[in-house]
Each structure stands twice: as C-alpha cells, then as structure tokens.
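Asker: dropping a prediction and its sequence here:
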Amino acid sequence: MTAQFNRITLIGIGLIGSSLAHDIKRLGLANEIVVATRSAETLKRAEELKLGDRYTTSSAEAVKDADLVIVSVPVGASESVAKEIAGTLKPGTIVTDVGSTKASVIAQMQPHMPSHVHFIAGHPIAGTEKSGPDAGFPGLFQGRWCILTPLEGTDPVALKTLRSFWEALGSRVDEMDAQHHDKVLAIVSHLPHLIAYNIVGTADDLETVTESEVIKYSASGFRDFTRLAASDPTMWRDVCLHNRDAILEMLARFSEDLAYLQRAIRWGEGDKIFELFTRTRAIRRSIVQAGQDVDAPDFGRPHPLEKK
Ligand SMILES: NC(=O)C1=CN([C@@H]2O[C@H](COP(=O)(O)OP(=O)(O)OC[C@H]3O[C@@H](n4cnc5c(N)ncnc54)[C@H](O)[C@@H]3O)[C@@H](O)[C@H]2O)C=CC1
Ligand SMILES: O=C(O)C(=O)Cc1ccc(O)cc1
C-alpha cells in the first residue's frame, strides 16, 4: 500500500506526538517521519525509542519538504513554533496541531502561516495523565473523536486529506468552529481536570485528616480524581490561560450548582438531592449506550449503531 504522505514532521514528541509516531509507523502512513523537539534530551529519548527516521532540535529545519506537519506542544508554545516554521514550509503543506484549546491556537498560529500552506487546527479527544515520549502508545486514537476546526476559506481537499489521516488512525472526525469547541471542551474536559486538581489540593491541605489516611483509605472516587490531578502541570496551566473565558463561565455555573446542592444538604431537602442524582445517572447510561465508555473491554470496536 502506498503511504498517504511522503514526509510527516512531528513537532513536540510527548504523549501525543509519540503516540502519533507509533501509529504512523505501524500503519505505514508516511515514507519518512521527522521528529523535532526543543530539548536535546527529549530528542535523544525519541531516537532511542525509534520514533522517527530523522531527528532535530530545529523546527525550521524539520518542516522542510514536509507534506504534513503536526504540532504537539503545550498550547502556550504555539506562536513560537509558528514563527519558527513559517519561513521553511513548502507550498501545499498541511499544518495542523493537537492542542486542547482551539481559538487561542488559531490566533497564535494563523497570522504567521504563509498563504501557500493549509493550516487546519485539530484536537484528538484522547489522552492520559502521562506525558513525555515514553508515555505514547500505538492505538491511542482508535475509536476516539478528533475535532477539526476549519476556518472560512479552508481548502476542502486539504481538509479531506487531514480527515482521512485521523480516520486511518481509527478516529471518528467531527468539524466545528473553534469557539464552540472551546465551550464544549471547557465542560467535558477542562472543568473536570480543575475539579480534580482542586479536590486533591483540598485533601492535601486538611489538618484533621493525615496524608497517609487519605492514601490508605482512598476509595475509587478519590483515586479517580488523583489520576486526573497527576496530569502535566505545564499543559494544564496553558489550557487554563488559553481557554480563560469558557473556563470561567463553566466555573461560575459549577459554583452556582454546588451552592444549590450545599443548600439542599443543609436544609435536609432529600427530594432535591435525589432528583439531581437521578438525572446525572442517566448521563452515564447515555455515554455507555453511545459506545463512549472507554473503560469497556470492547471499546474502540465500531459501535453496532454507528453507520459506517
Ligand atoms: N495529554 C493529553 O492527554 C492530551 C494532550 N493534548 C494536547 O496535546 C499537546 C501536547 O500534549 P502532550 O503530548 O500530552 O504533552 P507532553 O508534555 O507529553 O509533550 C509536549 C512536547 O512538546 C515539547 N515542547 C514544548 N515546548 C516546545 C517548543 N516551544 N518547541 C518544540 N517543542 C516543544 C516538549 O519537549 C514535549 O516533547 C498539548 O497542546 C495538549 O493540550 C491533546 C489531547 C490529549
Ligand atoms: O486522561 C484523561 O482522562 C483525559 O481526559 C485526557 C485528555 C486530556 C486533554 C485533552 O485535551 C483530551 C484528553
């Protein structure tokens, strides 16, 4: 089978970049993978893991002659990468990213992109709490959604090519505008991470319960939060700063709803508590029914209700 791309350049080779490298190699999607990252130490590790065919700390060098460039760095580093690569991109290259926020990444990158390339921002809704080149694994994107946020005037052929790249990795692809993406992700991903960071921080600050008791008796509820709260601090600091408005809106809603629950508990309003818990239980059922329960043993297989 012929490769979909001759040369794919991966800028940033942490969890997402290295997972992409594993799959591009495994599925033969490129004749050559070029790996670029800022630190020489990370680059050396990527080479030891045989994630690419060529390695460089110069992003400008790495993108020369690339057909597809995928930027997988913390969202706050997007502008510096865009500036670095702008001068060496060849005509027709598709430039994309995987950042967890989209409006800010577009604002940082788009102005620097020469008119002869196709810049289309994207976000695979797949990951773990781990980071770095050792954290990646083949199959991360299988059965998961990838959201593309094309702009007015985005070339439909380039969009189709990028879509089929993600589909080749086993992802399902949706398109939406960047602002809407940022709102949706603020509630389904960013707020849960902030709640996790906060609850684990609260437990850490308690004077009347010791740290060893928290660890010893942590039922799965708390344990699930500690997994999310172990996520990369640089990445999540950047998400907070670069999806500020949507996150603040969701935090305000969350605080109001928490106050409602607090009041119901204070006044012994069992019916209100019961009604809320019944409603939320149904959401979990819908996730399972939609084939989005990633912990299920058959996750990633095409869902029977999904039209191919
Ligand atoms: N971790 C996750 O579960 C997911 C992360 N994302 C997004 O993917 C992007 C990458 O995240 P991870 O791979 O998890 O992070 P990571 O921390 O594992 O890797 C980041 C990589 O970027 C490199 N880097 C940082 N600044 C750079 C710069 N200025 N120039 C070149 N390389 C630079 C680092 O050396 C490292 O190789 C982030 O934007 C994140 O929001 C998207 C989906 C899931
Ligand atoms: O580890 C988890 O549960 C995640 O939620 C991973 C994740 C983190 C950030 C994203 O933008 C998308 C997915």
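Answerer: Received it, and whenever you're ready, just let me know what you need. Quick caveat, the model's predicted, so the values are computed rather than measured. Ligands and ions are numbered 1, 2, ... in the order given.
Asker: and whichever residue of the stretch 101-250 of the chain sits closest to ligand 1, helix, strand or coil?
Answerer: Ligand 1 sits closest to Gly127 of the stretch 101-250 of the chain, with a gap of 1.8 Å, by CB to the nearest ligand atom. Quick note: C-beta positions are derived from backbone N, CA and C, even for glycine. Under DSSP: H, G, I helix; E, B strand; the rest coil, the three-state class of Gly127 is coil.
Asker: what's the burial count for it?
Answerer: Gly127: 20 surrounding residues under other CB atoms under 10 Å.
Asker: the closest residue to it other than its chain neighbours: what's it in contact with?
Answerer: Nearest residue to Gly127, sequence neighbours excluded (CB to CB, 6 or more residues apart in numbering): Leu15, at 6.2 Å. For Leu15, the contact set (CB atoms under 8 Å, 6 or more residues apart in numbering) comprises Gly127, Thr128, Lys130, Ser131, Gly132, Ala135, Gly136.
Asker: can you rerun that using 6 Å?
Answerer: Each residue near Leu15 by CB atoms under 6 Å, 6 or more residues apart in numbering is listed here: Lys130, Ser131, Ala135, Gly136.
Asker: now, the most widely separated pair of those residues?
Answerer: Between any two of those, the greatest separation by CB to CB is 9.7 Å, found for Ser131 and Gly136.
Asker: show me which of the two is the more surrounded one.
Answerer: The residue with more neighbours, out of Ser131 and Gly136, is Gly136; 25 against 20, by other CB under 10 Å.
Asker: that one and Gly17 touch, don't they?
Answerer: No: using CB atoms under 6 Å, Gly136 is not in contact with Gly17, being 7.1 Å away.
Asker: so where does Glu32 fall, helix or strand?
Answerer: strand 30-36 (DSSP states H and E).
Asker: what segments of the stretch 151-300 of the chain are helices?
Answerer: 156-168, 178-185, 191-205, 211-216, 220-229, 233-242, 244-266, 270-289 (DSSP state H, counting those that start in this stretch).
Asker: can I get the contacts of Leu15 in a markdown table with pLDDT and distance to Asp232?
Answerer: Formatted as a markdown table, those follow (pLDDT from 0 to 100; distance: CB to CB, whole Å):
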| residue | pLDDT | distance to Asp232 |
| --- | --- | --- |
| Lys130 | 98 | 8 |
| Ser131 | 98 | 4 |
| Ala135 | 98 | 9 |
| Gly136 | 98 | 13 |
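Asker: good, wrapping up.
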